[in-house]
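**Student:** got a structure for you, letters missing:
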């Protein structure tokens, strides 16, 4: 969809800025007015991780006048494979801090606002009030629905992107777009899918360079919205497959019976399994499992991760049965339903789901390791490799 410029060119460019942005100024249809619109714009980027890194770097370099970055996390070693805003020296430090330093080093003419806090229902409206455009680089469904609903209520457009393993998606959502037919995120995903079907990058992995590809596409859409150049992805879903090196666009329209956004509420990360309800899941902490094993209690410890994860690191005494095998009827029949069984995966999401499946097959003495093997490494064996 072709949209009018989101921001007026109410800014002046210094001599140094004219030199810095000269390649923009030379482009027909962009020119000084486009650059002045960028300088006058205010963009909030939610997340300074895999997608937020290229988005922030390119929007900053392009000359977006005010860039807000909101993130509550600290830099971890496993981030550096794809989160190019941060370096080894930043490990353990807030991501917002290294983001601000990197942006100011690359462009001294922009204003960077740091919001080291969680984006939640309590601060969403106040944060959005200070910006023209939002770029959603969050990595979970709860945040995505919150961003969507906040933008709907504020009447503001936002650019959305998502990545997993070798594939990424990008779109633009704007309920109040000119013409009155703008879709929002709930037209694409009316409700969160099952957590087991949507593992995070920490569970399923992601190709590092994919973040750069999808992030730069998101930054491109943001620049197009601000300046009014080109055709926006509003009303289209772009799907990129890095393995096939393919790009395709699917039409995206308002759902006939779409949910009307009237306020901000609770945003679960994903729907529970059928019949799960709010019942607690039997679990134990890493130290409790350590004590059981030290006492040589008759417990069957089952690692349900993939083979490559098992090869990286494992808990001594564990039996390896990958999730897809363990949930098969013929494999379940080989296990004693009365035995004390403890399941574990990387973080606890997969083991939680498998536990529910096993309960449905009559297992009544099964628990899962809260926090998975990562919690075990953190609390029991910090010398083991962490991935």
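**Tutor:** Cool, the structure landed. The shown structure was predicted, so the numbers you read here are calculated from the model rather than taken from an experiment. Numbering: from 1, shown residues only.
**Student:** when you work out contacts or count neighbours from here on, use the C-alpha atoms and nothing else.
**Tutor:** Noted.
**Student:** show residues contacting stretch 339-354.
**Tutor:** The contact list for stretch 339-354, computed with CA atoms under 8 Å, 6 or more residues apart in numbering, reads 195-196, 203, 273, 281, 298-305, 323, 327, 355, 365-375.
**Student:** apply 6 Å and report the result again.
**Tutor:** 299-305, 365-374 (CA atoms under 6 Å, 6 or more residues apart in numbering).
**Student:** from the residues you listed, which would you call buried?
**Tutor:** The neighbour count (16 or more other CA atoms under 10 Å) marks 299-305, 366-374 as buried among the contacts of stretch 339-354.
**Student:** if I look at residue 257, how far off is residue 145?
**Tutor:** 17 Å (CA to CA, to the nearest Å).
**Student:** these two: who's more crowded?
**Tutor:** Per other CA atoms under 10 Å, whichever of residue 257 and residue 145 has more neighbours is residue 145, with 24 against 8.
**Student:** hang on, that one in a helix?
**Tutor:** Yes - under DSSP: H, G, I helix; E, B strand; the rest coil, residue 145 sits within a helix.
**Student:** what about it, distance to residue 204?
**Tutor:** Distance from residue 145 to residue 204, by CA to CA: 22 Å.
**Student:** residue ranges with poor pLDDT in the stretch 251-387 of the chain?
**Tutor:** 268-279 (pLDDT under 70).
**Student:** just the helices in it please.
**Tutor:** 286-294, 307-312, 323-326, 329-332, 349-360, 372-379 (DSSP state H, counting those that start in this stretch).
**Student:** ok, which of those comes nearest residue 86?
**Tutor:** With CA to CA, the closest approach to residue 86 among these belongs to helix 372-379: 22.4 Å.
**Student:** run the chain-centre distance for the closest one.
**Tutor:** 22 Å (CA atoms, centre = their mean, to the nearest Å).
**Student:** hmm, who's touching it?
**Tutor:** 286, 344-348.
**Student:** bridged to the residue nearest to residue 147 when sequence neighbours are not counted, which residues?
**Tutor:** Distances taken as CA to CA, 6 or more residues apart in numbering place residue 136 nearest to residue 147, at 7.1 Å, with adjacent residues excluded. Residue 136 has these beta-bridge partners by DSSP bridges: residue 46, residue 160.
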